[in-house]
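In: mind looking at a prediction? Sequence and model below.
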Amino acid sequence: QVQLVESGGGLVQAGGSLRLSCAASGSIFSINAMGWYRQAPGKQRELVARINSGGSINYADFVKGRFTISRDNSKNTVSLQMNSLTPEDTAVYYCNADARLYTFPTRTSDYWGQGTQVTVSS
């Protein structure tokens, strides 16, 4: 299995910044894409940003240049730098990874962290 542990959430005022980090561990053969999703109360989980092993990045439109995703393939970590936060960014942020295990190196599975709360006050 793969364990994803997030850190860095918290409470910040509008216009402030937070940095989220996620570390993957376990019997990992390889990780393709890693990314961040978020879910606000009463809403569906949505993509925030995603980066694959080659460095290609997808951002949600609402990021609008405010967030930056980065990844360290050697450490199996992914980070999300969030600037110019607004109350609309308040949500639980989840780390996600598409990974292969040593026990099944030909099968890619989807893994999720437990989530970290981000609250932006106005």
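Out: On my side now, so go ahead.
In: please count neighbours and contacts with C-alpha atoms only from this point.
Out: OK.
In: pull the helix or strand with minimum mean pLDDT from the protein.
Out: strand 104-112 (a mean of 92; mean pLDDT, DSSP states H and E).
In: now that strand: buried residues?
Out: 108, 111-112 (16 or more other C-alpha atoms under 10 Å).
In: who does it pair up with?
Out: strand 91-101 (antiparallel) (DSSP bridges).
In: any idea how far the partner strand is from the chain center?
Out: Offset of strand 91-101 from its chain centre (C-alpha atoms, centre = their mean, to the nearest Å): 6 Å.
In: on that earlier part again, and the angle for the helix or strand immediately after the least confident helix or strand of the chain in the chain with strand 91-101?
Out: Remark: after strand 104-112, the chain's next helix or strand is strand 116-121, criterion DSSP states H and E. For strand 116-121 against strand 91-101, the angle by axes from the mean of the first three to the mean of the last three C-alpha atoms, to 10 degrees is 160 degrees.
In: nearest residue to the spatially most central residue of the chain in space, please, no chain neighbours.
Out: Nearest to the mean C-alpha position of the chain, by C-alpha atoms, centre = their mean, lies Trp36 at 2.4 Å. Leaving aside its chain neighbours, Trp36 sits nearest to Cys95 (4.7 Å; criterion: C-alpha to C-alpha, 6 or more residues apart in numbering).
In: equivalent analysis for Ile31, please.
Out: Ile31's closest residue in space is Ala99 (C-alpha to C-alpha, 6+ apart), at 4.2 Å.
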